[in-house]
Structure formats: C-alpha cells, structure tokens
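A.B. asks: Sequence first, predicted coordinates after that:
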Amino acid sequence: MKGKWLFLVGLVLLGGIAAMKAPGPEQRDGMFIHISHGADDPHRVTMALRMAEIMQEQRDVLVYFDLKGIEACLKDAPDIQFALMPSTKTLIRRLLDKKVTIMACPGCLQAAGKTRYDLTEGIQIADKDTFFTFTKGRILTLDY
C-alpha cells in the first residue's frame, strides 16, 4: 500500500512540474540592478554596470541609480575607473546604445541639487510602474 501511495504522490508531483511554464523567448526574465554608490566606491559602480552589460545579452535589464549613485549618471560626472573594468561613461553609453533602461531617483537628484536636465542624455527619471513592467518574466535584483 505504501508503494502505491508513493507512486501516486510521484505522479502528482511530475504533473505539477510538467504544468509549470518556463519563460519562453517572448517572456524573458528581468534583471533589476540597483546602484547606490558612485565615485565613493569605484569597484561597486563599475561592477554593477558591467553586470548589466553582461546580463542584457540574455535578460531584460533595468539599471536604477539612487543615493550616491546619482553622481555617476550626471552629464558632468567623473569618468570612474576601477582595475580592468571599462569606465562608467563607457559602460553607460554601451548600455544606452543597447536600449537598456537606465533610471535615476528623482528625490536623490533633488537632494543633490540636480534636475533631470543634469542627467546624461538617455537616462530617465525613475517611474515606479516601469520597475514592474520592464520585463514579462521574473525579476532578479542585484544591489550595489
């Protein structure tokens, strides 16, 4: 009797697994990359942008700058370098050229005495709805 019960449980589990639908080519998973550091931590900011570049090849990517990270996405931002990584300006330009959405926190801009007009061309003011609609699949977050 115990063997039949285990067999039935196994069949139910297999049926459940088979019914689960993995994201297809039209439904890619998304990568939300949060950058809260800039020139204060060159390794973090360049690593985050490099991860965005790597992930965008197979995932929908949204990059979000806030706190000190705002300093890295301004027109007059220093071109931050770390070790063998490409610089921040190079990485941001590559991401924008690949149509990756890059957003900046409006409150953090205001706290820094900046406006949307101070952002690098192509970087948008953050819109909360976009956080949930930039991908049709699941959302994984990397926080730098």
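C.D. replies: Thanks, I have it. Numbers count the residues shown, from 1 in each chain.
A.B. asks: so what's the closest residue in space to D127 that isn't next to it in sequence up against?
C.D. replies: Excluding its sequence neighbours, the residue lying closest to D127 (CB to CB, 6 or more residues apart in numbering) is M103, at 7.1 Å. Where you see a C-beta, it was placed from the backbone N, CA and C, and this is true even at glycine. M103 makes contacts with L62, V63, Y64, F65, I123, Q124, I125, A126, D127, T130, as judged by CB atoms under 8 Å, 6 or more residues apart in numbering.
A.B. asks: Which of the three states applies to M103?
C.D. replies: strand (DSSP: H, G, I helix; E, B strand; the rest coil).
A.B. asks: thinking again about what came up before, closest to L49 out of the contacts of M103?
C.D. replies: Ranked by distance to L49 (CB to CB), those are led by V63 at 7.2 Å.
A.B. asks: Tell me who's in contact with that closest one.
C.D. replies: I33, I35, A48, L49, A52, L95, V100, T101, I102, M103.
A.B. asks: Export the residues you listed as CSV, with columns for distance to S87 and pLDDT.
C.D. replies: Shown next, in CSV, are the contacts of V63 (distance: CB to CB, whole Å; pLDDT from 0 to 100):
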residue, distance to S87, pLDDT
I33, 17, 98
I35, 15, 98
A48, 13, 98
L49, 9, 98
A52, 14, 98
L95, 13, 98
V100, 17, 98
T101, 21, 98
I102, 15, 98
M103, 20, 98
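A.B. asks: Buried residues, the host helix or strand of L49. List them.
C.D. replies: Applying DSSP states H and E as the criterion places L49 in helix 42-55. Applying a neighbour-count criterion of 16 or more other CB atoms under 10 Å, the buried positions in helix 42-55 are P42, R44, V45, T46, M47, A48, L49, M51, A52, E53, M55.
A.B. asks: and the second one, how far is that from D60?
C.D. replies: Relative to D60, R44 is positioned 22 Å away (CB to CB, to the nearest Å).
A.B. asks: Including distance to D79, could the contacts of V63 go into TSV?
C.D. replies: Converted to TSV, these look like this (distance: CB to CB, whole Å):
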residue	distance to D79
I33	19
I35	16
A48	16
L49	12
A52	17
L95	15
V100	19
T101	22
I102	16
M103	20
